[in-house]
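Q: Sequence plus the predicted model coming up.
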Amino acid sequence: FEGKLKLFQAHNGYRFSLDALLLAHFMTCRRGAMIADLGTGNGVIALTLAYLHSSLSIVGVEIQPSMVDRASRNVRMNGFQERVTISQADVRNIQETFSPESFAAVVCNPPYRRTTSGRISPNVERKIARHEIAAGLADFLRAGAYLLPIKGRIAMIYPAVRVVDLIQSMRNVNLEPKRLRMVHSFADAKASLVLVEAVKGGKSGNEALSPLIVYRKGKQYTT
């Protein structure tokens, strides 16, 4: 955003990627809504939403104390204290921190990899952010379903190869996928990610949006 947002990140810990920005732009945001960002990390999605939508209030939920401190620092540095709050909580026990149906929408960029998939980073922040160490997909979806009222929305980004897992897991907790968009690095490449927005208690039927192509030749962004 041409330097209008600033973020502290760890040199050796978790660092956000393009996924977070794609998700923040994809989700449906209704004016004046209260939004929960599950697994907020350094607060990049919460801050991006606050920057893009001046009427929103966002609570970033994070389990790691170091990330909570960094996200809180980022909120203060960008002057969003009145609309963005960072809360230390475990999504597996979300009911200990928040009341049911207390948010109009939920956004979540969960860990992508199972504990048996790929090399697990020795760095704690990266390990928890990338692998389902502290919480898995089902945990985040259960927390999202708990926080949402009927007709509330949840938006997520996930590896395209696990799209069936995502949709099945959503339906297991009464979250019906309504919008879906595949993300491709290049126009001729296979999809690498999928953006999905679901509605709690929604009827069957979804809108498959046009693919999102990230790069032109030479790795120039398409938008």
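A: Here it is on my side, so go on. Numbers count the residues shown, from 1 in each chain.

Q: what helix or strand is the spatially closest residue to Gly43 that is not a sequence neighbour on?
A: With sequence-adjacent residues excluded and distances taken as C-beta to C-beta, 6 or more residues apart in numbering, Gly43 is closest to Ala71, at 3.4 Å. All C-beta atoms are positioned from the backbone trio N, CA, C, and that covers glycine. Per DSSP states H and E, Ala71 falls inside helix 65-77.

Q: what's the next secondary structure element after that helix?
A: strand 84-88.

Q: Put the alpha carbons of that following strand into CSV.
A: C-alpha atoms of strand 84-88 as CSV (Å, rounded to 0.1, in the frame of the first residue of the first chain):
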residue,chain,number,x,y,z
VAL,A,84,-8.0,-3.8,16.0
THR,A,85,-7.5,-5.9,19.2
ILE,A,86,-5.0,-8.8,19.5
SER,A,87,-6.1,-11.6,21.9
GLN,A,88,-4.0,-14.5,23.1
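
Q: now the strands: where do they sit in the chain?
A: 34-38, 57-62, 84-88, 105-108, 153-159, 175-184, 191-200, 207-208, 212-213 (DSSP state E).

Q: and those strands as TSV, adding distance to Leu147 and mean neighbour count?
A: Formatted as TSV, those follow (distance: least, C-beta to C-beta, whole Å; neighbours: other C-beta atoms under 10 Å):
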stretch	distance to Leu147	mean neighbour count
strand 34-38	5	25
strand 57-62	9	26
strand 84-88	12	20
strand 105-108	6	26
strand 153-159	9	24
strand 175-184	11	19
strand 191-200	9	21
strand 207-208	24	10
strand 212-213	27	18
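
Q: need those strands in TSV with mean pLDDT and distance to Phe8, can you?
A: Below are those laid out as TSV (pLDDT from 0 to 100; distance: least, C-beta to C-beta, whole Å):
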stretch	mean pLDDT	distance to Phe8
strand 34-38	98	17
strand 57-62	97	14
strand 84-88	97	13
strand 105-108	98	21
strand 153-159	97	23
strand 175-184	97	27
strand 191-200	97	26
strand 207-208	94	37
strand 212-213	95	28
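
Q: need the helix or strand of this protein with the lowest average pLDDT.
A: Ranked by mean pLDDT, DSSP states H and E, the helix or strand of the chain with the weakest confidence is helix 124-130, at a mean of 51.
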